[in-house]
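Asks: following is a predicted model, sequence given first.
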Amino acid sequence: MKNLFKLVLNNVPRPLLIKLSYLVKPLLAIILKGTKYTDPIDEKSFRTFLPYGYGKQRPNVLSPSTLSLERHRLLWLYLKNETDFFAENLKVLHFAPEQCFLNRFKELKNLDYTTTDLLSPIADVKADICDLPFEDNSYDVILCNHVLEHITNDTKAMQELYRVMKPRGYGVFQIPQDLNRAETFEDDTITDRTERAKIFGQYDHVRVYGRDYFDKLRAIGFKVEEVDYTAQFSNEAVDKYRLAKGEIIPLVYK
């Protein structure tokens, strides 16, 4: 199972992978049903979650029902418990929309919800994050999670995110981050898929973000809170929801 997942992730194009995942979700949810672990997004429980990872696979992290990962479940809990996302009338822009959120967010009557991505088959608007077709100061909330590590000119992308966010708006810009690394590492000369996976953690990543990621956002103009939301949960809850202990939520404001 572990080797099969790794083979699929590294060889099936992402748009096709998204389409295939819709077919296997119902079967996985039935096979792995149990009581040990719970996905807070749909509140379904399982005897185990699935492994996931393009390089070294993480065991027991992929929810069989929503296909959420640690970061998705953490973000859901944060939005639900700490914000007005599910209640206030908000105009929301969501980059590279994740399956675990897409339909749930679309069904929220309080949201004016738009999804965008350059390649995703489930996005509303096909757009380059470095050249967005949206007006200045348009969105109350922007979700841009695990996108910037794919973008060669991430400074331009951040500037565009800042431009289209409303004053006093907020966003969550999650990225894979090595908190043991002070400075971000990137090298545009590394183009081989295998080498990228080895150095950056995934074949289509172009950098490894360090702790300076937050300061880069601040340099664009954002106010940034580095939120360790897992600190709000007991170790038992962290394990039950299969969260990544110590993962930081980059919460930004304009």
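Replies: Looks like it arrived, so ask away.
Asks: state the distance from residue 52 to residue 70.
Replies: Noted for residue 52: a distance of 9 Å to residue 70, by Cβ to Cβ, to the nearest Å. Quick note: C-beta positions are derived from backbone N, CA and C, even for glycine.
Asks: what residues are shared contacts of those two?
Replies: Listed as contacting both residue 52 and residue 70 by Cβ atoms under 8 Å, 6 or more residues apart in numbering are residue 61.
Asks: any idea which helix or strand of the chain has the worst average confidence?
Replies: The weakest-scoring helix or strand in the chain, judged by mean pLDDT, DSSP states H and E, is helix 2-11 (a mean of 48).
Asks: what's near enough to touch residue 61?
Replies: Contacts of residue 61 by Cβ under 8 Å, 6+ apart are 49-52, 69-70, 242.
Asks: ok, so of those residues, who is nearest residue 92?
Replies: Nearest to residue 92 among these is residue 69, at 20.7 Å by Cβ to Cβ.
Asks: that closest one contacts residue 53, doesn't it?
Replies: No: using Cβ atoms under 8 Å, residue 69 is not in contact with residue 53, being 9.7 Å away.
Asks: of these two, who's got more company?
Replies: residue 69 (22 against 18; other Cβ atoms under 10 Å).
Asks: confidence score at residue 205?
Replies: pLDDT recorded at residue 205 is 91.
Asks: what does residue 163 give?
Replies: On the pLDDT scale, residue 163 gets 98.
Asks: which residues are in contact with residue 222?
Replies: 158, 162, 252-254.
Asks: need the strands for the stretch 151-254 of the chain, in chain order.
Replies: Ranges of strands in the stretch 151-254 of the chain, per DSSP state E, counting those that start in this stretch, are 165-172, 185-186, 207-208, 223-227, 249-253.
Asks: low pLDDT regions in this protein?
Replies: Scanning the chain with the threshold set as pLDDT under 70 gives 1-26, 55.
Asks: okay, now the domains of it?
Replies: According to automatic domain parsing, the chain comprises the domains 2-70, 81-253.
Asks: end-to-end on the last one?
Replies: This means domain 81-253. Distance across domain 81-253, first residue to last, is 18 Å (Cα to Cα, to the nearest Å).
Asks: got it, and stretch 239-246?
Replies: 13 Å.
Asks: what's in contact with that stretch?
Replies: So stretch 239-246 is contacted by 36-40, 49, 60-61, 63, 70-71, 73-74, 77, 179, 228, 230, 233, 235, 237-238 (Cβ under 8 Å, 6+ apart).
Asks: just the buried residues of those residues.
Replies: 37-40, 49, 61, 63, 70-71, 73-74, 77, 230, 233, 238 (16 or more other Cβ atoms under 10 Å).
Asks: could I get the full set of helices for this protein?
Replies: Per DSSP state H, the chain carries helices over the ranges 2-11, 14-31, 70-82, 99-106, 154-164, 193-200, 213-220, 235-240.
Asks: may I have the beta-bridge partners of residue 143?
Replies: residue 94, residue 172 (DSSP bridges).
Asks: residue contacts, it?
Replies: Counted by Cβ under 8 Å, 6+ apart, residue 143 has contacts 75, 92-95, 101, 171-172.
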